[in-house]
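Colleague: What would the 3D arrangement of this be:
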Amino acid sequence: MAFADLLRLLLLAAIWGASYLFIRVAAPGFGPEALVTLRLVGAALCFLPWLLQAANRPLLRAHALQLCCLGVLNSAVPFSLLTFAELRLEAGFTAVLGATVPLFAAAVDAFWWRRPLSGQRLLGLSLGFCGVVILAWGQVHFGSGGSGWAFLAALAAPLCYGIAAHYARHHFAGQPAMLPAAGSMLAAAVLIAPFGWWRWPAAPPPPHDWLAAAALAVICTAAAYVLYYQLVKRLGATVATSVTFVIPVFGVLWGAVFLHEHITVPIVTGMLVTLLGTAVTTGVFGARSL
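Modeller: Residues are numbered from 1 along each chain as shown. So this is what the prediction gives:
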């Protein structure tokens, strides 16, 4: 891998890790529905130059239903779940749970497509599950004021991403990478907008909440998608998705630096065990990759 590509990979991890920071900042002021609407509409506006090109309109019309499904699975629902989760969970904690995306993708591969899991993948899934248990132990409860439902929401978001990855691979094979990226973003924005309008906050959020929402839309969504698909084109999907291993590190780091979140032993241990399980599951240690 060229040094410039390594820097791009680290930049992408830093950007996506920062998304947890910006959600944590803006979620209390906007609420999940309004913040996700701003994020999706803002990102869709960034993609307008591509969306408005006459040559791309037939592609958008031909795949309209698939783009709506992908927009729900890959953007509208997981963004909403993460935003709801971070009303109670810290940014770094939620970022570590995000490392379970490849684990859920492997599980979906086995249960949806009926592909048998190898012994190494089963070991990886078991390790990943143990990492999640370490994170949750003594910190998650469902009593009054507890974070149990937020924790489940933060886990459901990676499940959505895992399903979306297989859906996109099945329905958009051979299509331009910008079609699922821009098209699904537009579809998700249209679908979520009525909920955002209905749940718009009565009191105007402070300026720093607006800045965080803008950063989510422009940097962490639109720019990150473009950078990611450039890496997929240059390095291939397997190498590009290795960004998963670095995002939690940046998520924990940004939370500690900017929000003064504590980096505890359970968080570090849970992160290391979860990432180890992800590495084993995705074939970093010699097994075939997803």
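Colleague: residue ranges with poor pLDDT in this structure?
Modeller: The chain contains residues with pLDDT under 70 at 1, 113-114, 233, 236-242, 282, 284-290.
Colleague: The same query, at a cut-off of 80, please.
Modeller: Residues of the chain meeting the criterion pLDDT under 80: 1-3, 109-119, 121, 138-141, 143-146, 173, 229-245, 278, 281-290.
Colleague: Tell me which residue lies farthest from the centre of it.
Modeller: Ala54 (30.4 Å; CA atoms, centre = their mean).
Colleague: Leu60 versus that one, what's the distance?
Modeller: 11 Å (CB to CB, to the nearest Å). The C-beta positions use only the backbone N, C-alpha and C, and glycine is treated the same way.
Colleague: list the helices and strands the longest helix seen in the chain packs on?
Modeller: If you go by DSSP state H, the chain has its longest helix at helix 3-30. Contacts defined by 3 or more CB pairs under 8 Å, 6 or more residues apart in numbering; DSSP states H and E place helix 3-30 against helix 32-46, helix 77-85, helix 91-97, helix 207-217, helix 224-235, helix 247-259.
Colleague: what packs against the shortest one?
Modeller: Of the remaining helices and strands, those touching helix 91-97 by 3+ CB pairs under 8 Å, 6+ apart are helix 3-30, helix 119-136, helix 148-171, helix 247-259, helix 265-282.
Colleague: export those helices to CSV and tack on mean neighbour count?
Modeller: Shown next, in CSV, are the helices and strands packed on helix 91-97 (neighbours: other CB atoms under 10 Å):
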stretch, mean neighbour count
helix 3-30, 20
helix 119-136, 19
helix 148-171, 20
helix 247-259, 21
helix 265-282, 21
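Colleague: Make a markdown table out of those helices and add distance to Ala187.
Modeller: Below are these laid out as a markdown table (distance: least, CB to CB, whole Å):
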| stretch | distance to Ala187 |
| --- | --- |
| helix 3-30 | 20 |
| helix 119-136 | 31 |
| helix 148-171 | 13 |
| helix 247-259 | 25 |
| helix 265-282 | 29 |
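Colleague: and of those, who's closest to His208?
Modeller: helix 3-30 (6.7 Å; CB to CB).
Colleague: tilt between the closest one and helix 247-259?
Modeller: 50 degrees (axes from the mean of the first three to the mean of the last three CA atoms, to 10 degrees).
Colleague: Pull the number of nearby residues for His260.
Modeller: The number of residues packed around His260, counting by other CB atoms under 10 Å, is 7.
Colleague: For it, what are phi and psi?
Modeller: Main-chain dihedrals, His260, degrees, to the nearest 10: phi 60, psi 40.
Colleague: who's in contact with Ile163?
Modeller: Going by CB atoms under 8 Å, 6 or more residues apart in numbering, Ile163 touches Leu73, Phe104, Val108, Trp112.
Colleague: Which PyMOL command selects the buried ones in the residues you listed?
Modeller: If you want just the buried ones from the contacts of Ile163 in PyMOL, going by 16 or more other CB atoms under 10 Å, the selection is:
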select buried, resi 73+104+108
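Colleague: Out of the contacts of Ile163, which is nearest to Pro176?
Modeller: Distance to Pro176 across the contacts of Ile163 (CB to CB) is lowest for Leu73, with 19.6 Å.
Colleague: Distance check, the nearest residue to that closest one once chain neighbours are set aside against Tyr229.
Modeller: Excluding its sequence neighbours, the residue lying closest to Leu73 (CB to CB, 6 or more residues apart in numbering) is Ala164, at 3.9 Å. Ala164 sits 15 Å away from Tyr229, going by CB to CB.
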